[in-house]
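Peer 1: Here you go, sequence then predicted model.
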Amino acid sequence: MHVPKTSKAGSPFPPIYGRPYPTTRKHSRSKDEWLMKYWAADDEKRRAKVAALNLGGFAVWTASTAEFNRIVLAARLQAAFFITDDYIDNDKMHDSSLRYALDINLSDHNLQHPLVQRAEIIIIEHAMIANDLFSYAQEKSVNNDGKNIVRILQEQEKLSYIQAVDRVKLIMREKEQEYIPAAICCLEDHELGKDSDVRRWIAALPYVMTGNVMWSQQTARYKVKSMPEGILFPSITYPMEEMPADGAGEDNAIRINE
């Protein structure tokens with residue numbers, strides 16, 4: 001049986017001046033298809049839910065540089081988080097599964113280091129904002145959008161729906177930029193900067209931001225059968241890195257499509 005592979009190479013961090021940041025990686029659909037084909041599930045109903053949520057895709061998008069055999073287990077762990085609870089409430093568990101997928105081992109000391117935690121908090125905040133953005137139509141359709149940032153901005157700042165969505169997208173972009181100095185502080189720390197796993201984790205986290213956004217536009221998690229009047233499903237794009245072909249070696253260069 002052919003099992004697709006993924007290159008470990010990624011864009012350098014800190015970002016190189018003049019090159020796009022943040023980027024996402026255009027992974028091969030064969031990885032997603034393989035996960036769905038061989039996904040272990042107790043019954044067809046549960047299996048159909050996993051497929052609709054595209055949970056394999058979440059793992060592949062957010063841990064795009066991982067070896068495939070690790071992505072399989074990480075995807076299954078994340079499926080449990082999604083199905084049993086809201087994934088935002090399980091952010092630390094998702095971080096753990098992503099580190100496993102990426103074969104990154106951080107000591108308890110480094111995990112609890114204030115600089116590492118600050119960098120991770122920015123990623124979590126980005127995910128929370130993205131969740132509000134993409135879930136707004138679904139929440140509004142059932143009159144459950146009272147705590148959604150899109151609704152809050154409309155009410156508190158007297159913005160139109162379009163203006164509120166644009167503001168939320170801007171906040172997300174600001175979080176992406178806020179991550180850079182927070183991450184550099186980790187890399188320049190005299191202890192953290194010596195740890196290759198810390199450096200790899202810091203370089204991987206931007207892909208978590210962009211991967212989550214790309215997955216959010218594909219999953220059934222945020223889809224509604226009938227969009228509320230005047231509401232559009234949001235669209236966000238990032239510069240796309242071309243992944244090496246399945247089975248390609250790790251030394252293949254990455255090309256960025258702008």
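Peer 2: Cool, the structure landed.
Peer 1: where exactly do the helices run in the stretch 51-200 of the chain?
Peer 2: 55-62, 68-84, 91-101, 108-111, 114-141, 149-156, 161-188, 196-216 (DSSP state H, counting those that start in this stretch).
Peer 1: most neighbours per residue, which of the ones you listed?
Peer 2: helix 55-62 (a mean of 27; mean count of other C-beta atoms under 10 Å). For every residue, glycine as well, the C-beta is placed using N, CA and C.
Peer 1: That helix: how far from the chain's middle?
Peer 2: Per C-alpha atoms, centre = their mean, to the nearest Å, the displacement of helix 55-62 from the mean C-alpha position of its chain is 8 Å.
Peer 1: Tell me the confidence at residue 154?
Peer 2: In this prediction, residue 154 carries a pLDDT score of 97.
Peer 1: if we can go back for a sec, do you know which of the helices of the stretch 51-200 of the chain lies nearest residue 14?
Peer 2: Closest to residue 14 of the helices of the stretch 51-200 of the chain, according to C-beta to C-beta: helix 161-188, at 5.6 Å.
Peer 1: Kindly spell out which helices and strands sit in contact with the closest one.
Peer 2: helix 114-141, helix 149-156, helix 196-216 (3 or more C-beta pairs under 8 Å, 6 or more residues apart in numbering; DSSP states H and E).
Peer 1: Which secondary structure elements does the second one sit against?
Peer 2: Other helices and strands packing on helix 149-156, by 3+ C-beta pairs under 8 Å, 6+ apart, are helix 114-141, helix 161-188.
Peer 1: CA atoms of it as CSV?
Peer 2: Provided in CSV are the C-alpha atoms of helix 149-156 (Å, rounded to 0.1, in the frame of the first residue of the first chain):
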residue,chain,number,x,y,z
ILE,A,149,-17.0,39.1,17.8
VAL,A,150,-18.7,40.0,14.4
ARG,A,151,-22.0,40.7,16.3
ILE,A,152,-20.2,42.5,19.1
LEU,A,153,-18.4,44.9,16.7
GLN,A,154,-21.6,45.7,14.9
GLU,A,155,-23.3,46.6,18.2
GLN,A,156,-20.5,48.3,20.1
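Peer 1: what about residue 158, distance to residue 167?
Peer 2: 12 Å (C-beta to C-beta, to the nearest Å).
Peer 1: right, I mislabeled it, should have said residue 143
Peer 2: With C-beta to C-beta as the criterion, residue 143 and residue 167 are 22 Å apart.
Peer 1: Residue 203 now?
Peer 2: 29 Å.
Peer 1: next one: residue 131
Peer 2: According to C-beta to C-beta, residue 131 stands 16 Å off from residue 167.
Peer 1: ditto for residue 213
Peer 2: 16 Å.
Peer 1: go on, residue 112?
Peer 2: Counting by C-beta to C-beta, the gap from residue 112 to residue 167 is 34 Å.
Peer 1: And for residue 114?
Peer 2: Relative to residue 167, and taking C-beta to C-beta, residue 114 is found at 30 Å.
Peer 1: Then residue 24?
Peer 2: 22 Å.
Peer 1: Run through the chain and note the low-pLDDT ranges.
Peer 2: Where the chain drops to pLDDT under 70, the residues are 1-11, 26-53, 55-56, 79-93, 243-258.
Peer 1: rerun at 80
Peer 2: By pLDDT under 80, the weakly predicted segments of the chain are 1-12, 26-60, 64-65, 68-69, 71-94, 242-258.
Peer 1: Please report phi then psi for the residue of it positioned farthest from its centre.
Peer 2: Distance from the C-alpha centroid of the chain, by C-alpha atoms, centre = their mean, peaks at residue 158 (30.6 Å). Backbone torsions for residue 158, taken as degrees, to the nearest 10, come to phi 50, psi 40.
Peer 1: Against residue 164, how distant is it?
Peer 2: For residue 158, the distance to residue 164 - C-beta to C-beta - is 10 Å.
Peer 1: do residue 14 as well
Peer 2: Applying C-beta to C-beta, the value for residue 14 to residue 164 is 32 Å.
Peer 1: what does residue 104 give?
Peer 2: Relative to residue 164, and taking C-beta to C-beta, residue 104 is found at 37 Å.
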